[in-house]
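**Student:** Got a predicted structure plus its sequence, pasted below:
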Amino acid sequence: MLTKRIIACLDVAGGRVVKGVQFLNLRDAGDAAELAAAHSQAGADEIVLLDISATAEKRKTLLDTVKRTARELFIPFTVGGGIRTLEEAGSVFDAGADKVSINSAALTDPSLITRIADRFGSQAVIVAIDAKRANGTGTYEAFTRGGRTPTGRDAVVWALEAESRGAGEILLTSMDRDGTGNGFECTLTRTISDGVRIPVIASGGAGSAQHFVEVFRQGHADAALAASILHYGTTPLAELKRDLAAAGIPVRWPC
Amino acid sequence: MTIAIVDYGAGNLTSVKKAFDFLGKPAVITSDADQVVRADKLIVPGVGHFATTRALWTSGLKDAIVSAIGKGTPLLGICLGMQWMFNSSSEAHGVAGLGVFPGKSVHFPAEVKSPHVGWNALQTRGDSRLFRGMPAECFVYFTHSYRVPLVDATVATCEYGGTFSAAVEKDNLFGVQFHPEKSGAVGMKLLENFCGLSC
């Protein structure tokens, strides 16, 4: 049976992991390569490295970080954050990424999805959607630039367009839930997951193993992103996967 | 020992190469027919559309692969490379496969999401050389929309919208639908087993 994926997300800026991670025996807790390897060892099904560098100067280190992280990582590896062109995507693949995640650039120029998919395959293109509930309407709006800029685009409509343009997966982040620890946005996740034929990765709001059970069972997510819940060591991956297995969710465990 | 990773323009081969680098096995990415014929082991990787494999016929690489097989060189097809070892694919009518395994790749049925992306369990056959020393059930990483049928050479099966061949093996010919280079310790063990085969 196809298992539900738990994807560990590393936010990096200037080549350094921004959020702390409580792993023992790390020489450098801010080193992306070491942290990615530790997550992989701990049972993560996939790694996402998100560059949140605010300046072009800091962004220059990204390819080097990707190269060092990919070298000894033998699970799927996605890189996102600030990728704007086919050429930039190409250099990230050359550095060792298996997939790129694109967000703002895809909304600005949706043909970018198709161009990357045609060159590297749909399996290599994740379209990330940052969605926020629109007041009182029951709809959700897609935002760009790290959630700073509203686009006026309906998140569900945009997900369907992204799929038709060649996206291989959707990474859906709920801006309302992100950082709250109150659980995933299951309603929107389900609407999108049932509407598209490609896998949907849910993100934002994870605070407990029960939240993952809910987003898989009620939200119909194919995968879920875990960031701070892993970083702060409140729920280690092994414990999370054991809890999911006990709740009847198919997971890769033991790995 | 040289492992040749056959480059015919079907996607990014970096990850396959670095898996062999990690294992300390010298591997080269090549589109040179002579190098393919002389290699001790061959990998035919590939992601994307079946029509891409037409390049194997037009470039002379298919003939090089056939001569290598004739010498007994072990060959491992990965993903699209495995599908190419069968007769054909409904993804690209009129594009022939190598035909060393019988049958045709077909799309997953409509009742399941496609592509099939993620970690799924394998049921492996005990007499497989590729899975030697590995548990009968293990998880590996897949990403594909087409699948090959169950055949006599099937050594691992997987369930997704029905049962399909996740790995085939006959003499020195091997194919895997999943990505060993992305399947953690299980995948590395499989590649190590492949490296250990003799001609």
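**Tutor:** Received, thanks.
**Student:** Return the set of buried residues in the longest helix along chain B.
**Tutor:** Longest helix of chain B, by residue count under DSSP state H: helix B:184-195. Neighbour-count burial for helix B:184-195, counted by 16 or more other C-beta atoms under 10 Å in any protein chain shown, picks out B:184, B:186-195. Glycine gets a C-beta too; all of them are placed from N, C-alpha and C.
**Student:** cool, and stretch B:162-173?
**Tutor:** Those would be B:164-169, B:172-173, for stretch B:162-173 by 16+ other C-beta under 10 Å.
**Student:** Quick check, pLDDT for the residue of chain B most remote from its centre.
**Tutor:** Distance from the centre of chain B peaks at B:Glu111, with 26.0 Å (C-alpha atoms, centre = their mean). Looking at B:Glu111, its pLDDT reads 92.
**Student:** which residues touch it?
**Tutor:** B:Gly161 (C-beta atoms under 8 Å, 6 or more residues apart in numbering or on different chains).
**Student:** Flag every residue of the stretch 1-150 of chain A that's near chain B.
**Tutor:** A:1-5, A:40, A:45, A:70-72, A:74-76, A:93-94, A:96, A:98, A:120-124 (C-beta under 8 Å from any C-beta of the partner chain).
**Student:** Generate a ChimeraX selection restricted to the buried entries among these.
**Tutor:** A single ChimeraX command selects the buried members of those (16+ other C-beta under 10 Å):
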select /A:2,3,4,5,40,45,70,74,75,76,93,96,98,120,121,122,123,124
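**Student:** before we move on, the earlier item: what subset of the buried residues of helix B:184-195 is also close to chain A?
**Tutor:** Answer for these near chain A (C-beta under 8 Å from any C-beta): B:184, B:186-188.
**Student:** Next, count neighbours for A:Pro250.
**Tutor:** 16 (other C-beta atoms under 10 Å in any protein chain shown).
**Student:** Please enumerate the helices of chain B.
**Tutor:** Using DSSP H, helices in chain B cover B:14-23, B:33-38, B:54-58, B:61-70, B:80-84, B:184-195.
**Student:** Compute the distance from the centre of the fourth one to the centre of its chain.
**Tutor:** Taking the mean C-alpha point of helix B:61-70 and that of its whole chain, the gap between them comes to 16 Å (C-alpha atoms, centre = their mean, to the nearest Å).
**Student:** can you list contacts of that helix?
**Tutor:** In contact with helix B:61-70 (C-beta under 8 Å, 6+ apart) are residues B:6, B:8, B:31, B:33-34, B:36-37, B:39, B:42, B:44, B:55-56, B:75, B:98, B:100, B:172-173.
**Student:** Now, of those residues, which are buried?
**Tutor:** Buried, going by 16+ other C-beta under 10 Å: B:6, B:8, B:31, B:33, B:36-37, B:39, B:42, B:44, B:55-56, B:75, B:98, B:100, B:172-173, out of these.
**Student:** If we only consider the residues you listed, which is nearest to A:Arg165?
**Tutor:** B:Ala55 (25.2 Å; C-beta to C-beta).
**Student:** for the closest one, what are its contacts?
**Tutor:** So B:Ala55 contacts B:8-10, B:61 (C-beta under 8 Å, 6+ apart).
**Student:** out of the residues you listed, who's nearest chain A?
**Tutor:** Taking C-beta to the nearest C-beta as the measure, B:Ala10 is the one of the contacts of B:Ala55 closest to chain A, at 8.5 Å.
**Student:** wait, isn't the closest one in contact with B:Thr52?
**Tutor:** Yes: using C-beta atoms under 8 Å, B:Ala10 is in contact with B:Thr52, at 4.4 Å.
**Student:** shared neighbours of those two, anything?
**Tutor:** With C-beta under 8 Å, 6+ apart, B:Ala10 and B:Thr52 have common neighbours B:46, B:80.
**Student:** In terms of neighbours, single out the busier of those two.
**Tutor:** Between B:Ala10 and B:Thr52, counted using other C-beta under 10 Å, B:Ala10 has the larger neighbour count: 24 against 19.
**Student:** just for chain B, where's the confidence low?
**Tutor:** Within chain B, the ranges that satisfy pLDDT under 70 run B:199.
**Student:** Next, count neighbours for A:Glu239.
**Tutor:** Neighbours of A:Glu239 (other C-beta under 10 Å): 12.
**Student:** Helix or strand: which one has it?
**Tutor:** In the assignment (DSSP states H and E), A:Glu239 maps to helix A:237-246.
**Student:** buried residues in that helix?
**Tutor:** Applying 16+ other C-beta under 10 Å to helix A:237-246 flags A:237, A:240-244 as buried.
**Student:** and the helix or strand where A:Leu49 lies, what other elements does it pack with?
**Tutor:** Element membership for A:Leu49 (DSSP H and E) is strand A:46-51. Packing contacts for strand A:46-51, counted by 3 or more C-beta pairs under 8 Å, 6 or more residues apart in numbering or on different chains; DSSP states H and E, involve strand A:5-13, helix A:32-42, helix A:62-71, strand A:77-80.
**Student:** Using PDB, write out every CA atom in it.
**Tutor:** Extracted in PDB, the C-alpha atoms of strand A:46-51 (Å, rounded to 0.1, in the frame of the first residue of the first chain):
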ATOM      1  CA  GLU A  46      11.600  13.300   1.900                       C
ATOM      2  CA  ILE A  47      13.500  16.500   2.500                       C
ATOM      3  CA  VAL A  48      12.500  20.000   1.400                       C
ATOM      4  CA  LEU A  49      15.000  22.800   1.600                       C
ATOM      5  CA  LEU A  50      13.400  26.200   1.400                       C
ATOM      6  CA  ASP A  51      15.600  29.200   0.900                       C
END
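**Student:** Could you pull out the buried residues of the helix or strand just after it?
**Tutor:** Sequence order places helix A:56-59 as the next helix or strand after strand A:46-51, per DSSP H and E. Buried positions in helix A:56-59, judged by neighbour count with 16+ other C-beta under 10 Å: A:58-59.
**Student:** Tell me the gap between helix A:56-59 and the middle of its chain.
**Tutor:** Using C-alpha atoms, centre = their mean, the offset of helix A:56-59 from its chain centre is 21 Å.
**Student:** what sits up against it?
**Tutor:** With C-beta under 8 Å, 6+ apart as the criterion, helix A:56-59 contacts A:13-15, A:51, A:53, A:82.
**Student:** which of the residues you listed has the weakest pLDDT?
**Tutor:** Comparing the contacts of helix A:56-59 by pLDDT, A:Ser53 comes last, at 79.
**Student:** which residues sit in contact with that one?
**Tutor:** A:12-14, A:59, A:61-62, A:81-82.
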